[in-house]
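**Q** Please work out how this folds:
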Amino acid sequence: MGSSVAMAEEGEGVPEECALTISGDDQMQFDKKELSVPSSCETVSLTLEHSGSMDATAMGHNWVLAPTDAYEEIAQAGMQAGPDAGYLPEDDRIIAATDIIGGGESTTVEFSTADLAGQDLTFFCSFPGHYSMMNGTFTVTE
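**A** Numbering: from 1, shown residues only. Model prediction:
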């Protein structure tokens, strides 16, 4: 497989198919409802961009990955954890998470795909009240 030069700087060192980008906006929406990577990806680099203009304290977004059966509980506990904790509780079920960002900002997280193939996974924003609208499925394909 050839690689694309356009994606080379994204995900520094991970193959193009392992570097993902998703955007959140001021209307509490991600621009994608599904994300997937092939199982050949040992590491995923995910970049979250905030395409809106509102500050992180008013309309902040993050990207969190967890098992589907746990994501709502994690998001609800994140509200209690508060802004200093990035609206994330101490929870071993969190597979990966970015920082909270505001309009015009971006952040990247890298995580291992070890043992993720075949799992039922959901990504979401844990900023208070966002998870019910800002969520989607994450799949590691065989």
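**Q** Starting from Asp91, give me the distance back to the closest residue to Glu42 other than its chain neighbours.
**A** Closest residue in space to Glu42, ignoring its immediate chain neighbours: Thr113 at 6.3 Å, by C-beta to C-beta, 6 or more residues apart in numbering. (C-beta placed from N, C-alpha, C; glycine too.) With distances taken as C-beta to C-beta, to the nearest Å, Thr113 is found 20 Å from Asp91.
**Q** Next, name the residue at the spatial heart of the protein.
**A** Centroid-nearest residue in the chain, with C-alpha atoms, centre = their mean: Trp63, separated by 2.9 Å.
**Q** In this structure that one contacts Val44, no?
**A** No. Taking contacts as C-beta atoms under 8 Å, Trp63 lies outside contact range of Val44: 11.3 Å.
**Q** Can you work out which residues contact both of those two?
**A** Common neighbours of Trp63 and Val44, counting by C-beta atoms under 8 Å, 6 or more residues apart in numbering, are Ala96.
**Q** Give me the distance between Glu142 and Ser40.
**A** Glu142 sits 10 Å away from Ser40, going by C-beta to C-beta.
**Q** Who has more neighbours out of the two?
**A** Just comparing Glu142 and Ser40: by other C-beta atoms under 10 Å the higher neighbour count belongs to Ser40, 12 against 7.
**Q** Check the more buried one and give its pLDDT.
**A** Ser40 is assigned a predicted lDDT (pLDDT) of 95.
**Q** host element of it?
**A** Element membership for Ser40 (DSSP states H and E) is empty, with no helix or strand holding it.
**Q** With Gln80 instead?
**A** Going by DSSP H and E, Gln80 is in helix 71-81.
**Q** contact partners of that helix?
**A** By C-beta under 8 Å, 6+ apart, the list of residues contacting helix 71-81 reads 64, 66, 85-91, 93-94, 122, 124, 126, 128-131, 135.
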